[in-house]
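[1] Output the structure for:
(one chain, ligands or ions: 1)
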Amino acid sequence: MTVTASANALRIGVAGLGTVGCGVLRLMARHGDVLAQRTGRPIVVTGICARDRRKDRGLDLHRFQWFDDPVELARSDAIDVFVELIGGENGPARDAVEAALEAGKHVVTANKALLAHHGAALAARAEEKGVALNFEAAVAGGIPIVKVMRESLAGNDITRVYGILNGTSNYILSRMQQEGRPFAEVLADAQARGYAEADPAFDIGGFDAAHKLSILTSLAFGTQVSFDTVYVEGIERITPADIEAADELGYRIKLLGVALNTDSGIEQRVHPAMVAKHTALAQVDGVTNCVAIDADQAGSMMLIGRGAGAEPTASSVVSDLADIARGNRVAPFLIPARNLKPYTRAQMRAHEGGYYIRLSVYDRPGAFAAIASRMAEQGISLESIVQRRKGGARDAVHGDGQGAPTPVVMITHRTMEDSMRKALEAIEKDGHVDAPPQMIRIERL
Ligand code: HSE
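    The predicted structure is shown next:
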């Protein structure tokens, strides 16, 4: 027997019964009644779709109408809202979302890749059709950041949105920090425990965070979603030596996503960053996410919470459903899609800030002088310079003249990335270092 819905019910079709899809079904079963009270009408799952009908998901699915094809579910007369939890920027997810919009169905999706690549076009189609396209679950799991940016901060100019947008990377960096172990070892352990994907490239390479950031950028600055222009650097090159030096200098290393409005355009960047260890963001450890906003009227604020997992992500999906049930409709990217401005990219080489530099320098006469002169040529002023023994303990800058490579850590004053890169290229060419320089941007919060 399949579910029948009362005349005023909002009928939902859920495509994709993985962790999040099953979480949505469980949440609806647990809180469906109270949700009906809160929204003034029942919200009822009527249709479901997944690749494998026989798989045991620990749920009784017999009440729902089963669809093998998500496009068929998207077009079905049995639903008012299509919930896309399939994932992927193209393929069945995109086909089904487009079909749902064409058929005049509201869409709720957790699919950050889809939105990062096709967000503006999908938003335009939803608006033409007069339906909702909601995606709270696509950014930072259970943290209600989309609603805050779309609705609560509608009267603000946002100058910066940034944060820890990938739990896997933050978990790995936290454990490297706490245990002093190298990246590869912590990653392998995280995979063995099921905390990191078998193919973790998307998380540790920064691309998952970049998808989320590109959506936040559009909401913050009223620009078309522009994923391809995000500068992306992952955490693979972070070493225990960096983490230890950062700690001594008063910093933590975090994989940050930052969108910043500058005079030369918008910076969108995902990269490991040094953040002062007394700040709230530096305390965000493990799989937790954090999104911070600088707004001209409301000021600065920060939301910290669970960025992934069945319950938090389902919570966001259901909040989108509640909005649709109440008739609370906002343009997907806050302003009508046709009015979204083209994204103007600020070149990464024009980025300005302080830098942490770690060099492995041959300990011989003239090496420091050459390095200092390369920095000076580019107008870079050093805030501090520390020579460290191989064992990790700190030394004064005097060297023992033995010639073996020794780690040298520098912190620069504010400078332009172009100058920093040119100085490091010259230092590498001069031959006083035995490995490529490490460069980590310092983020002032
Ligand atoms: N894999 C993501 C993370 C969660 O590690 O934060 C889904 O975007």
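[2] Could I get the phi/psi values of the residue nearest the centre of the chain?
    Centroid-nearest residue in the chain: residue 209, 2.5 Å away (criterion: Cα atoms, centre = their mean). Per-residue torsions, residue 209: phi -60, psi -40 (degrees, to the nearest 10).
[3] Surely it and residue 270 touch.
    Yes: counting by Cβ atoms under 8 Å, residue 270 is a contact partner of residue 209 at 4.7 Å. Where C-beta positions appear, they are placed from N, C-alpha and C, glycine not excepted.
[4] between those two, what contacts are shared?
    Both residue 209 and residue 270 are contacted by 165, 255, 257, under the criterion Cβ atoms under 8 Å, 6 or more residues apart in numbering.
[5] Now do the buried residues in the helix ranked longest in the chain.
    The residue-count maximum for a helix in the chain (DSSP state H) belongs to helix 19-39. Within helix 19-39, the residues scored as buried using 16 or more other Cβ atoms under 10 Å are 20, 21, 22, 23, 24, 25, 26, 27, 28, 35, 36, 39.
[6] again with stretch 115-126
    Of all the residues in stretch 115-126, those buried under the rule 16+ other Cβ under 10 Å are 115, 116, 117, 118, 119, 120, 122, 123, 124, 125, 126.
[7] The second one and the ligand, how far apart?
    Translated: residue 116. Counting by Cβ to the nearest ligand atom, to the nearest Å, the gap from residue 116 to the ligand is 11 Å.
[8] from here on, count from 608
    In the new numbering, first residue 608, that becomes residue 723.
[9] Where does that residue fall, secondary structure wise?
    Secondary structure from DSSP states H and E places residue 723 in helix 719-736.
[10] Can you get me a residue count around residue 842?
    With neighbours defined by other Cβ atoms under 10 Å, the count for residue 842 comes to 23.
[11] Assumed it was part of a strand.
    No: under DSSP: H, G, I helix; E, B strand; the rest coil, residue 842 sits outside any strand and is assigned coil.
[12] give the contact list for it.
    Applying Cβ under 8 Å, 6+ apart to residue 842 gives the contacts 776, 779, 780, 790, 811, 813, 862, 879.
[13] before we move on, the earlier item: whatever helix or strand comes next after the longest helix of the chain pairs with which strands?
    Following helix 626-646 in sequence order, the next helix or strand is strand 650-656 (DSSP H and E). When sheet partners are counted by DSSP bridges, strand 650-656 sits next to strand 617-622 (parallel), strand 672-674 (parallel).
[14] just these: most buried one?
    The highest mean neighbour count among those, using mean count of other Cβ atoms under 10 Å, belongs to strand 617-622: a mean of 26.
[15] Need the contact partners of that strand.
    Residues outside strand 617-622 that contact it (Cβ under 8 Å, 6+ apart): 612, 628, 631-632, 635, 646, 648-657, 674, 677, 680-681, 683, 685-693, 699-700, 703, 712, 928, 931-932.
[16] Report how many residues lie close to residue 1018.
    19.
[17] sorry, back to before: please produce CSV containing the strands paired with strand 650-656, extended by distance to residue 1012.
    Below are the strands paired with strand 650-656 laid out as CSV (distance: least, Cβ to Cβ, whole Å):
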stretch, distance to residue 1012
strand 617-622, 55
strand 672-674, 62
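[18] who wins for proximity to the ligand among the ones you listed?
    strand 617-622 (17.7 Å; Cβ to the nearest ligand atom).
[19] how big is the angle separating the closest one from helix 626-646?
    For strand 617-622 against helix 626-646, the angle by axes from the mean of the first three to the mean of the last three Cα atoms, to 10 degrees is 170 degrees.
[20] mean confidence score for strand 617-622?
    The average of the pLDDT scores along strand 617-622 is 98.
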